[in-house]
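K.L.:
Please work out how this folds:
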Amino acid sequence: VERGAVGWAGPPLERLLSAVASGPSVLRERLREDLMTLPREFAELTGASKLRVQLCLTRAQKCPRFHVDKVPARLIVTYTGPGTEFVASGWTNPLILPLESVTNTWAWRLLGSIRDNVAGGVSNERYNAMALLPGAKVEQASSPDVLLLKGAAWPGSNGAVHRSPPVDEGQTRLILTIDVEDDDE
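P.N.:
You can find the predicted model right below:
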């Protein structure tokens, strides 16, 4: 979606809405309205000239580990199922989820390779326990809250730490994500 564009520039809106054809009409109307307005509003808010819009229907936990997205900014709306989980700034272990200001140092690159080897060999549950400081409170967005997250590529930002919530058997999540893309992508 190009900034300043009038209307929808992606696949036909009706094709996207067919993913929720059996859902309540209120959901379809909310989704239609959001697809028509949120990309434009998000582009205006962030000053983005290019966005990536994705609509995902899933029965799985897409991103089980707490992380920071490698984009400048992301907007997330969960329409059905549990909402995205997030942690307030300052409650993460900087050895697992580093501050932006130290990630480009030689010491971090050395420590990062050790961390990646250790983190790669542990369960998601253990990783998440290591990533959060004791006393950290995990918050959860409600459906259909609009969640705005700064990513690792946002200038001067540490980025928002978040993850996909666990999804119970039989549950389905319908999620809209809109990412600010770098102009050079």
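K.L.:
CA only for contacts and neighbour counts going forward, please
P.N.:
OK.
K.L.:
What segments of the chain are strands?
P.N.:
51-58, 73-80, 85-87, 138-140, 146-150, 161-163, 173-180 (DSSP state E).
K.L.:
Now mean neighbour count too, for those strands, in a markdown table please.
P.N.:
Below are those laid out as a markdown table (neighbours: other CA atoms under 10 Å):
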| stretch | mean neighbour count |
| --- | --- |
| strand 51-58 | 16 |
| strand 73-80 | 21 |
| strand 85-87 | 19 |
| strand 138-140 | 14 |
| strand 146-150 | 18 |
| strand 161-163 | 23 |
| strand 173-180 | 22 |
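K.L.:
mean pLDDT lowest for which of those?
P.N.:
For these, the weakest mean pLDDT is recorded on strand 51-58, namely a mean of 90.
K.L.:
what about this structure, any weak spots by pLDDT?
P.N.:
Confidence mapping of the chain against pLDDT under 70 gives the ranges 1-24, 98-120, 183-185.
K.L.:
now the longest helix that it contains against strand 73-80, angle please.
P.N.:
Counting by DSSP state H, the longest helix found in the chain is helix 25-46. Taking axes from the mean of the first three to the mean of the last three CA atoms, to 10 degrees, one finds helix 25-46 and strand 73-80 inclined to each other by 170 degrees.
K.L.:
What residues of helix 25-46 count as buried?
P.N.:
Going by neighbour count (16 or more other CA atoms under 10 Å), the buried part of helix 25-46 is 27, 28, 31, 34, 35, 36, 38, 39, 40, 42, 43.
K.L.:
Now flag whichever of the residues you listed is closest to residue 160.
P.N.:
Among the buried residues of helix 25-46, residue 42 lies closest to residue 160 (CA to CA), at 16.7 Å.
K.L.:
which one among the buried residues of helix 25-46 gets closest to residue 89?
P.N.:
Looking across those and measuring by CA to CA, the closest to residue 89 is residue 42, at 22.1 Å.
K.L.:
need the contact list for that closest one.
P.N.:
Listed by CA atoms under 8 Å, 6 or more residues apart in numbering, the contact set of residue 42 reads 48, 75.
K.L.:
same deal with the one 10 residues further on?
P.N.:
Taking CA under 8 Å, 6+ apart, we find residue 52 in contact with 1, 177, 178, 179, 180, 181.
K.L.:
Likewise for residue 37?
P.N.:
Contact analysis of residue 37 by CA under 8 Å, 6+ apart lists nothing.
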